[in-house]
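Q: sequence plus predicted model, see below.
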Amino acid sequence: MKSIGTWLDETRGDGRRRRLSTVGGVVVGLAFAWVHWVGFVLGGAIVSLVQPSIRRGLLVGLGFGLVSVVAFVLWLGMAGILDTYLEMGQVVAVSVVIPLGAALFGSLVRGLR
């Protein structure tokens, strides 16, 4: 049985496995974020752990936060309430900053291993 460290090293070295793991992390993170904001931290951590460098892990974590914001805006658009949302001022700012900041915070876990 492989250790987590061995699995992470192998995944970081194989581009295909890294991309699949990143996409899986995005799906898991968005699923958890749908129920609780900690999902943004979790998603940022998952997608960053499989990246080959800390810098790339932080960038991909930030990318996860951006994907989260875009998914939220698309959902609001499909629900027909995007115009109302955009008129809410500070609520818009907070709802953009929280996913970006939480995902970036979660991606800091890449520095541990």
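A: Thanks, I have the structure now.
Q: in the biggest helix by length in the chain, which residues are buried?
A: Determined from DSSP state H, the single longest helix within the chain is helix 54-79. Neighbour-count burial for helix 54-79, counted by 16 or more other C-beta atoms under 10 Å, picks out 56-65, 67-69, 72-73, 76. The way it works is simple: take the backbone N, C-alpha and C, and place the C-beta from them, glycine included.
Q: for this structure, what are the low-confidence residue spans?
A: Within the chain, the segments meeting pLDDT under 70 span 113.
Q: which residues of it fall in helices?
A: Going by DSSP H, the chain shows helices at 4-13, 15-35, 38-49, 54-79, 82-86, 90-107.
Q: tell me which of those helices sits most buried.
A: Among the helices of the chain, helix 38-49 has the highest mean neighbour count (mean count of other C-beta atoms under 10 Å), at a mean of 25.
Q: Leu76 touches Met88, doesn't it?
A: No: Leu76 lies out of contact with Met88 (C-beta atoms under 8 Å); the separation is 10.8 Å.
Q: and the longest helix of the chain, how far from the chain's centre?
A: Centre-to-centre, helix 54-79 and its host chain are 6 Å apart (C-alpha atoms, centre = their mean, to the nearest Å).
Q: so what secondary structure elements neighbour it?
A: Helices and strands touching helix 54-79, by 3 or more C-beta pairs under 8 Å, 6 or more residues apart in numbering; DSSP states H and E, are helix 15-35, helix 38-49, helix 82-86, helix 90-107.
Q: give me the contacts around the shortest one.
A: The one in question is helix 82-86. With C-beta atoms under 8 Å, 6 or more residues apart in numbering as the contact definition, helix 82-86 has outside contacts at Val73, Leu76, Val91, Val92.
Q: could I get the contacting residues of the residue nearest the centre of the chain?
A: Among the residues of the chain, the one closest to the centroid is Phe64, at 3.0 Å (C-alpha atoms, centre = their mean). Counting by C-beta under 8 Å, 6+ apart, Phe64 touches Gly25, Val26, Gly29, Phe40, Gly43, Gly44, Val47, Ala103, Ser107.
Q: redo that, cut-off 6 Å
A: Val26, Gly29, Gly43, Gly44, Val47, Ala103 (C-beta atoms under 6 Å, 6 or more residues apart in numbering).
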